[in-house]
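Asker: Predicted coordinates and the sequence they were generated for:
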Amino acid sequence: MRRARRIAPVILLVVGLLIATVGASSAQDDTDVFRMVAHGGVGNPFWIVVIKGMEDACALLSADCAWLADPVDNVDDMAGYWDDALAANPDGIGTTVPNPEVIRDAVGRAHDAGIPVIAFNTADPNAGTDQSLPILFYIGANEFLGGRSNATRVLAEAAADGVTINRGVCPIQEVGHSGLEARCAGVRSVFEEAGIPLDGLTISNDVTESAGVLADYFTANADTNAAFFLGPNPSSSFNLYLQEAGRQPREIYATTHDTSSEIYQMIKDGYLLQAIDQQPYLQGFETIMWLYLNSRYALAPGGDILTGPGVIDGSNVDAIIELTAAGYR
């Protein structure tokens, strides 16, 4: 509920300003043009919710909008999609920043052209330094705090069960992705404080292939009894491994990030303690709304807008399932 109170004033501000200015905007003949450049798309269930948020905002504004990304996560191709975005001569661009060097030149060209840019979902890891991109602000979760939340929950649940966590693993499906690295860094900070080793493990977004990697890892590291997954596809790989290996709930104390129907069921079945929710719908919706407000009226918040971390666990998963069916979670 605290998360809802934090976000509500922002939504009220945006909607209120939209209502107040609808008459002025309708009097103009031009259509607002916005582009969203991301490192993933409809091939990953997470992005479908972000895209819905974008589409709903664009419908309210009668704006010309497009989502530019590979169907499945791909950071390197973002440079080409940025070229497509700039070719549309848009009024504003939203972008993820998993690797700032891939898009640095393009973001600089947008800045030189006076096109406002907002980071969403994945923040610029160099923000606040002389290497930061010329971006207005960030809309998304604090990934480091999300990682800490997951690690803290694992240690608390294990302690309540009288179980000692011997070793953990944080598999990463996109090495070098700043947001995913921050999630693991948050876990590592808690484990270092507790004196518990944490392994890194490279996997991919291929569910079946990664399940095999997990099987090999757990066979070679039988003492590992904590695992921290970073998204829907890795969670699916973990679920496949669990079923094939015949593992039971709480043999491995596990958490994840983001949402999917499979993640919800794993929480209900006891295989995941919690999932960190970053409210992806808000990331798509608010990015478009703030691009509109900034491009037309030079309005901006006083800082980044955090949409997470929030927690989905056994206490609220049924309510979240209903909202997911409606396309909002």
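Answerer: Ah, there it is. Numbering: from 1, shown residues only.
Asker: Could you find the closest non-adjacent residue to Pro197?
Answerer: In this structure, Pro197 finds its nearest non-sequential neighbour in Arg167, 5.0 Å apart by CB to CB, 6 or more residues apart in numbering. Using the backbone N, CA and C atoms, a C-beta is placed for each residue, glycine as well.
Asker: Touching, that neighbour and Ala222? I think so.
Answerer: No. Using CB atoms under 8 Å, Arg167 makes no contact with Ala222, being 9.7 Å away.
Asker: Those two: which is more packed in?
Answerer: A count of neighbours by other CB atoms under 10 Å puts Arg167 above the other of Arg167 and Ala222, at 16 against 9.
Asker: if I look at the residue nearest to Pro197, how far off is Arg153?
Answerer: Counting by CB to CB, to the nearest Å, the separation of Arg167 from Arg153 is 17 Å.
Asker: Likewise for Glu143?
Answerer: With CB to CB as the criterion, Glu143 and Arg153 are 16 Å apart.
Asker: Which one's more surrounded, these two?
Answerer: Legend: neighbour count by other CB under 10 Å for Glu143 and Arg153, higher for Glu143 (27 against 18).
Asker: wait, what's in contact with the closest residue to Thr96 other than its chain neighbours?
Answerer: Sequence neighbours aside, Thr122 is the residue nearest to Thr96 in space, at 4.2 Å (criterion: CB to CB, 6+ apart). Thr122 sits next to His39, Thr96, Val97, Pro98, Gly140, His177, Ser178, Gly179 when contact means CB atoms under 8 Å, 6 or more residues apart in numbering.
Asker: ok, for Phe137, nearest residue in space, not its chain neighbours?
Answerer: For Phe137, the spatially nearest residue (CB to CB, 6+ apart) is Asp304, at 5.2 Å.
Asker: List the contacts of that neighbour.
Answerer: Ala123, Phe137, Tyr138, Ile139, Gly140.
Asker: Restricted to helices, list the contacts of Thr122.
Answerer: Those of those mapping onto helices are Ser178, Gly179, per DSSP state H.
Asker: could the contacts of Thr122 go into a markdown table alongside pLDDT, distance to Met78 and neighbour count?
Answerer: Shown next, in a markdown table, are the contacts of Thr122 (pLDDT from 0 to 100; distance: CB to CB, whole Å; neighbours: other CB atoms under 10 Å):
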| residue | pLDDT | distance to Met78 | neighbour count |
| --- | --- | --- | --- |
| His39 | 97 | 6 | 28 |
| Thr96 | 98 | 8 | 27 |
| Val97 | 98 | 9 | 30 |
| Pro98 | 95 | 8 | 26 |
| Gly140 | 98 | 16 | 26 |
| His177 | 91 | 12 | 21 |
| Ser178 | 93 | 13 | 20 |
| Gly179 | 93 | 14 | 24 |
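Asker: can you give me how far the helix or strand containing Tyr292 is from the chain middle?
Answerer: With secondary structure defined by DSSP states H and E, Tyr292 is part of helix 280-297. Relative to its chain's centre, helix 280-297 lies at 17 Å (CA atoms, centre = their mean, to the nearest Å).
Asker: same question, stretch 152-168
Answerer: 26 Å.
Asker: Using PDB, list the CA coordinates for that stretch.
Answerer: The C-alpha coordinates for stretch 152-168 follow below in PDB (Å, rounded to 0.1, in the frame of the first residue of the first chain):
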ATOM      1  CA  THR A 152      16.800 -10.200   3.000                       C
ATOM      2  CA  ARG A 153      13.600 -12.300   2.500                       C
ATOM      3  CA  VAL A 154      15.500 -15.400   1.800                       C
ATOM      4  CA  LEU A 155      17.600 -15.100   4.900                       C
ATOM      5  CA  ALA A 156      14.500 -14.300   7.000                       C
ATOM      6  CA  GLU A 157      12.500 -17.300   5.700                       C
ATOM      7  CA  ALA A 158      15.400 -19.700   6.100                       C
ATOM      8  CA  ALA A 159      16.000 -18.500   9.700                       C
ATOM      9  CA  ALA A 160      12.300 -19.000  10.500                       C
ATOM     10  CA  ASP A 161      12.600 -22.600   9.200                       C
ATOM     11  CA  GLY A 162      15.700 -23.200  11.200                       C
ATOM     12  CA  VAL A 163      17.800 -23.600   8.000                       C
ATOM     13  CA  THR A 164      21.200 -22.100   7.400                       C
ATOM     14  CA  ILE A 165      21.800 -20.700   3.900                       C
ATOM     15  CA  ASN A 166      25.200 -22.100   2.900                       C
ATOM     16  CA  ARG A 167      25.600 -20.500  -0.600                       C
ATOM     17  CA  GLY A 168      23.600 -18.600  -3.100                       C
END
